[in-house]
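Visitor: below are the sequence and a predicted model; questions follow.
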Amino acid sequence: MQDELLTIGRFARMCRLSVKQLRHYDEMGLLAPARVDASSGYRYYAPEQARDALTVALLREMDLPLAVIAQALAAEPERRAQILRAERDRLAERISRDQARLEMLERLAEGGLPGYEVTMSREPERRLAVVRAVCTPVEIGATVEECVGRLLPVLGKTGIVWEPPLWGLYPLDLEERMEIAVGVQTPQGEGLPGLEFEVLPGGLVAETMHIGPYAQLPLAYNALFATIHERGLRPQAPVREAYLVGPAEAPQEEPMTRLIIPVQENTA
């Protein structure tokens, strides 16, 4: 049998892997050798293991985690396809985030930090009909769309009259898992299934206007928080976004968003 097996060095060269990688994959149970010599500890591999080894090398080149690769290799074809599609979706999401970062860096490189005009004003009390959801920071866009898809049908079925625009409510800190809300201002309704009502207190706020893709909202928030801290004020949750002009209405993908952060004097 040993004559039919390959030494670890020869197998590594065949499969475009290093000996160190093969040893590591063996230790984690991803790709065990066909035989280990009891006296010397030498590892030997069967030629038919080359397909799995080459697949591991290919998937690692795509930056798939070793744990995911192990699951894919051990899975039946249908389950393996599901695992790989999930990784494809995560990669597409990462590419989208990186593209947004590239665009922000290009904007900063061309003109420095945008000159947002931050103003202090008095915001009136607002009563909103809202739906809530929990998401990660990278899921905000999709989650807002999902919330709008839940909110508007309920308003339509119940005949609640509401005033544009749509509002988004967010925590001050974008945590790994956070609750957000999407709502509209309305004086009507109480205790409806699938719908909550929240009163946003009036008071002093810092606000600015952002014209451009939602992915570049961090530039506006940078200006807002800088002004708040420079004036010795304390930001308060929830942060509010009013979507005055949405992507479907805006030319050249330039939606208009009003950003509002309630503040109070810092007495600490």
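Guide: Yes, it's here.
Visitor: for the stretch 1-150 of the chain, give me the ranges with low pLDDT.
Guide: 1-3, 110-114 (pLDDT under 70).
Visitor: one more time with 80, if that's ok
Guide: By pLDDT under 80, the low-scoring segments of the stretch 1-150 of the chain are 1-3, 93, 96-97, 99-101, 103-115.
Visitor: next, the buried residues of the longest helix along the chain.
Guide: Determined from DSSP state H, the single longest helix within the chain is helix 77-111. The neighbour-count check on helix 77-111 (16 or more other CB atoms under 10 Å) flags 83, 84, 87, 100, 104 as buried. Backbone N, C-alpha and C define where each C-beta goes, glycine included.
Visitor: output these in JSON lines; the columns should cover distance to residue 177.
Guide: Shown next, in JSON lines, are the buried residues of helix 77-111 (distance: CB to CB, whole Å):
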{"residue": "83", "distance to residue 177": "23"}
{"residue": "84", "distance to residue 177": "26"}
{"residue": "87", "distance to residue 177": "21"}
{"residue": "100", "distance to residue 177": "21"}
{"residue": "104", "distance to residue 177": "25"}
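Visitor: show me the contacts for residue 72.
Guide: 59, 64, 80, 83, 84 (CB atoms under 8 Å, 6 or more residues apart in numbering).
Visitor: what about the strands in the stretch 101-250 of the chain?
Guide: For the stretch 101-250 of the chain, applying DSSP state E, counting those that start in this stretch gives strands covering 119-123, 126-135, 163-170, 178-185, 196-200, 203-211, 233-235, 239-245.
Visitor: now do the last one: distance to the chain's middle.
Guide: What that stands for is strand 239-245. Centroid separation for strand 239-245 versus its chain: 20 Å, with CA atoms, centre = their mean, to the nearest Å.
Visitor: tell me the buried residues in it?
Guide: For strand 239-245, a neighbour-count test (16+ other CB under 10 Å) marks 239, 240, 241, 242, 243, 244 as buried.
Visitor: residues near residue 40, how many?
Guide: Neighbour count for residue 40, taken as other CB atoms under 10 Å: 7.
Visitor: that's a strand at it, yeah?
Guide: No - counting by DSSP: H, G, I helix; E, B strand; the rest coil, residue 40 is not part of a strand but coil.
Visitor: for it, give me phi and psi.
Guide: The phi/psi pair for residue 40 (degrees, to the nearest 10) reads phi -100, psi -20.
Visitor: under the pLDDT cut-off, which ranges of the stretch 151-268 of the chain? List them.
Guide: Looking at the stretch 151-268 of the chain by pLDDT under 80, you get 188-194, 246-254, 265-268.
Visitor: make it 70
Guide: Applying pLDDT under 70 to the stretch 151-268 of the chain flags residues 191, 246-253, 266-268.
Visitor: circling back to that earlier point, export the contacts of residue 72 to a markdown table and append columns for distance to residue 158.
Guide: Output for the contacts of residue 72, formatted as a markdown table (distance: CB to CB, whole Å):
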| residue | distance to residue 158 |
| --- | --- |
| 59 | 50 |
| 64 | 47 |
| 80 | 46 |
| 83 | 42 |
| 84 | 43 |
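Visitor: closest one to residue 228 out of the residues you listed, please.
Guide: Among the contacts of residue 72, residue 64 lies closest to residue 228 (CB to CB), at 41.8 Å.
Visitor: now that closest one: closest residue in space that isn't a chain neighbour?
Guide: What sits nearest to residue 64 in space, not counting adjacent residues and going by CB to CB, 6 or more residues apart in numbering, is residue 87, at 5.6 Å.
Visitor: surely the one you found is in contact with residue 68?
Guide: Yes - the pair residue 87 / residue 68 is scored as a contact, 6.1 Å apart, by CB atoms under 8 Å.
Visitor: contacts only, for residue 133.
Guide: 143, 146, 147, 179, 180, 181.
Visitor: may I ask which of those has the most neighbours?
Guide: Neighbour counts for the contacts of residue 133, by other CB under 10 Å, peak at residue 180, which reaches 23 neighbours.
Visitor: contacts only, for the spatially most central residue of the chain.
Guide: Centroid-nearest residue in the chain, with CA atoms, centre = their mean: residue 138, separated by 1.2 Å. By CB under 8 Å, 6+ apart, the contact set of residue 138 is 93, 97.
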